[in-house]
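Participant: quick one, what's the 3D model for this:
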Amino acid sequence: MKKARRKPDSIDEYIATSPEAVRRILEQVRATIRSAAPDATETISYGIPTYFLNGNLVHFAGFGKHVGFYPTPSAISAFRKQLQRYPSAKGSVQFPLDAPMPLELIEEIVRFRVREMSGKA
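Facilitator: Predicted coordinates for the structure are as follows:
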């Protein structure tokens, strides 16, 4: 039987336990989110890095071939055109690791979510 992986207690721990090839990219995504949402609180929710600002702002996660970014359905809809080249679902998008990470787009999406969540204060 495979041993269950312990859920990380912090984003630092999450990134540190990620595969080496993914760590640098996760740090870039984290820095981008922090820059775009400096007042957001960092935590782990659902076992992945999460940001809260008057509620759930965004999540992200590293996988073997992509970074999952979870900005809610409203952001996916608002940025549909910019996200059309990436696999996506109702509230998530996958950015492949073998292509440049679209940090400017991530920043735009996070700023959009900050504006959305500011109305909920």
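Participant: measure stretch 71-90 end to end?
Facilitator: Length of stretch 71-90, first residue to last, CA to CA, to the nearest Å: 10 Å.
Participant: list the buried residues in that stretch.
Facilitator: Buried residues in stretch 71-90, defined by neighbour count with 16 or more other CB atoms under 10 Å: 71, 72, 75, 76, 78, 79, 83, 86, 88. Where you see a C-beta, it was placed from the backbone N, CA and C, and this is true even at glycine.
Participant: what are the bridge partners for the last one, then?
Facilitator: Right, residue 88. Beta bridges link residue 88 to residue 93, judged by DSSP bridges.
Participant: secondary structure class for the spatially most central residue of the chain?
Facilitator: Centroid-nearest residue in the chain, with CA atoms, centre = their mean: residue 60, separated by 2.5 Å. Secondary structure, DSSP: H, G, I helix; E, B strand; the rest coil: residue 60 is strand.
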